[in-house]
Each structure stands twice: as structure tokens, then as C-alpha cells.
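In: Prediction below, plus the sequence it came from.
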Amino acid sequence: MRTQNIRVRLRDGEMGAHVAFPARTPAPAIIAIMEIWGVNDTMRRHAQEFAEAGFVCLVPDLFWRQEPGVELYDKNPEDAKKAFDLYYDFDYDLGVRDMEDTAAHLKKLAECSGKAGSVGYCLGGKLCYLMCCRTDIDCAVAYYGTYIEHHIREAKSLHRPFMLHMAMKDRWVQAEVNELLERRLSPNPLVTIHKYPGADHAFARHGGKTYSKPEADRALALSIDFFRTHLGA
């Protein structure tokens, strides 16, 4: 496996990204969309996990319009304040468009075999849901996506395979919201939902306050199987 920092040309600008390449290429590609903490050690670790499973994995600098290159951590109180400021100022519509451009960029890389999916955490999870509703991403996985319910009316447009990992003790996605999401999404045969009864928000954030290895390992294995089914390997 090797890693590289690259620039991704978008329709109205240029964004930085971290990429992890598998030992063998060409390979299917995955966009790993960050939480609110920027392209940090956790996101680079996620990229490594998917590269080790045989995928090209790109982590985009999602906040590039607001502050390029931000790298924050949940254990630092000042970082938390900044992360939430960036989060609530973030433009989801532009974010989806940027991720659509990123997928197109990935598919043109010599190391990519032509298919691209996405995996997102928290903020990134909501973007994965919206990408399955609005774009031609080949498939997507959302970990504890926040505020998906604000766009639940778009569920009728969900036309790509979509997997959702639900943390049932999530402080940011309440039980009533998870029930709503399951009620509205599960009738779609393209949707797969996995529940983690004892897990809190960000259970897959390596080094985070609520990291839980058993749940993180299970979700990763399910995600890799999902990507192998829909992207190949």
C-alpha cells in the first residue's frame, strides 16, 4: 500500500485529497467522506483499511471552501468549537456536487478500474445518502449519518445501493430519528440497514472518545463485503 496527497479539479475550484492505493491496481475506488474533524489521522486510517481490502480510497478535503487543510480532533475542546462552526456553515448541496466531481476524477485515474462508491461518517454519512438520491455513484455506505431526516423527502429518489450503520445509543441521531429512517428507507430493496444496540455516535472513530472495536470491526467487514458486491474487487 502507498499513500499520496493530490489535488482534485472540480467544476469551480480545486480541492486537496489524501489517497491510499492498494497493492494491486487497477482497482475499484471509494471516496471516504469525513466527519466534522477534517482530513485527520482517523480518516487516513479509514483510507488505509479500505486500501488494504483492495480499493483505491480517496479522502477529500470537504471543508476546502471554508478552510482548506483543516485537521481537528475530538479530544481538544477548541478543535470541537471550530469543527461545529465549520459543520453548521457547510453547504450540503455544494458538497454533493463536489463529491460527484470527485467520483468522476477517481474513475479517470489509471489506478482505478472504473467503478466508484463512497463511505461517509456523520456529516459524510448524510452526503452518502444524498449522493444515492441525486448522483450516479455506484453505491454508498453511511455510518451514523446526521440529519438525514431533514432530507427524508428525497428517499423516493434513492436509486443506488445504500447501506446505513445505525448506532442505537447515538446522542446525535435519536431513537425516534432512527425509527423514522428505518420506516422510510427499509421498503426500498436497494437499502440495507445494520443496527448496533450498544454503540454510540462515532463508534468507528479510531482513537475517539466513543470508539468501540467490536462494532467498528463488524461494520467494516460488512462495508467491505458490500463494496465487493457492488464494485468488484
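Out: Now that the structure is in, tell me what you want to look at. Numbering: from 1, shown residues only.
In: mind listing the strands for the protein?
Out: Remark: strands assigned in the chain by DSSP state E are 2-10, 13-21, 27-33, 56-60, 112-121, 140-143, 162-167, 191-196.
In: So what's the residue count around the residue nearest to residue 181 when sequence neighbours are not counted?
Out: In space, and not counting its chain neighbours, residue 181 is closest to residue 148: 6.0 Å by C-beta to C-beta, 6 or more residues apart in numbering. Just so you know, the C-beta spots here come from the backbone N, C-alpha and C atoms, and that holds for glycine as well. Using other C-beta atoms under 10 Å, residue 148 has 25 neighbouring residues.
In: burial of residue 91, as a residue count?
Out: Residue 91, neighbours per other C-beta under 10 Å, totals 11.
In: And the pLDDT at the residue nearest to residue 181?
Out: pLDDT, residue 148: 98.
In: measure it to residue 81 for me?
Out: 25 Å (C-beta to C-beta, to the nearest Å).
In: biggest helix in this structure, by residue count?
Out: helix 213-231 (DSSP state H).
In: got the CA coordinates for it in PDB?
Out: What follows is helix 213-231, C-alpha atoms only, in PDB (Å, rounded to 0.1, in the frame of the first residue of the first chain):
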ATOM      1  CA  LYS A 213     -13.600  -2.000  18.400                       C
ATOM      2  CA  PRO A 214     -16.200  -4.800  18.200                       C
ATOM      3  CA  GLU A 215     -18.800  -2.600  16.500                       C
ATOM      4  CA  ALA A 216     -16.200  -0.900  14.300                       C
ATOM      5  CA  ASP A 217     -14.800  -4.300  13.100                       C
ATOM      6  CA  ARG A 218     -18.200  -5.600  12.300                       C
ATOM      7  CA  ALA A 219     -19.300  -2.500  10.400                       C
ATOM      8  CA  LEU A 220     -16.000  -2.500   8.400                       C
ATOM      9  CA  ALA A 221     -16.400  -6.200   7.400                       C
ATOM     10  CA  LEU A 222     -20.000  -5.600   6.300                       C
ATOM     11  CA  SER A 223     -19.000  -2.500   4.400                       C
ATOM     12  CA  ILE A 224     -16.100  -4.200   2.600                       C
ATOM     13  CA  ASP A 225     -18.500  -7.100   1.600                       C
ATOM     14  CA  PHE A 226     -21.000  -4.500   0.300                       C
ATOM     15  CA  PHE A 227     -18.400  -2.800  -1.700                       C
ATOM     16  CA  ARG A 228     -17.000  -6.000  -3.100                       C
ATOM     17  CA  THR A 229     -20.600  -7.000  -4.200                       C
ATOM     18  CA  HIS A 230     -21.300  -3.700  -5.900                       C
ATOM     19  CA  LEU A 231     -17.900  -2.500  -7.100                       C
END
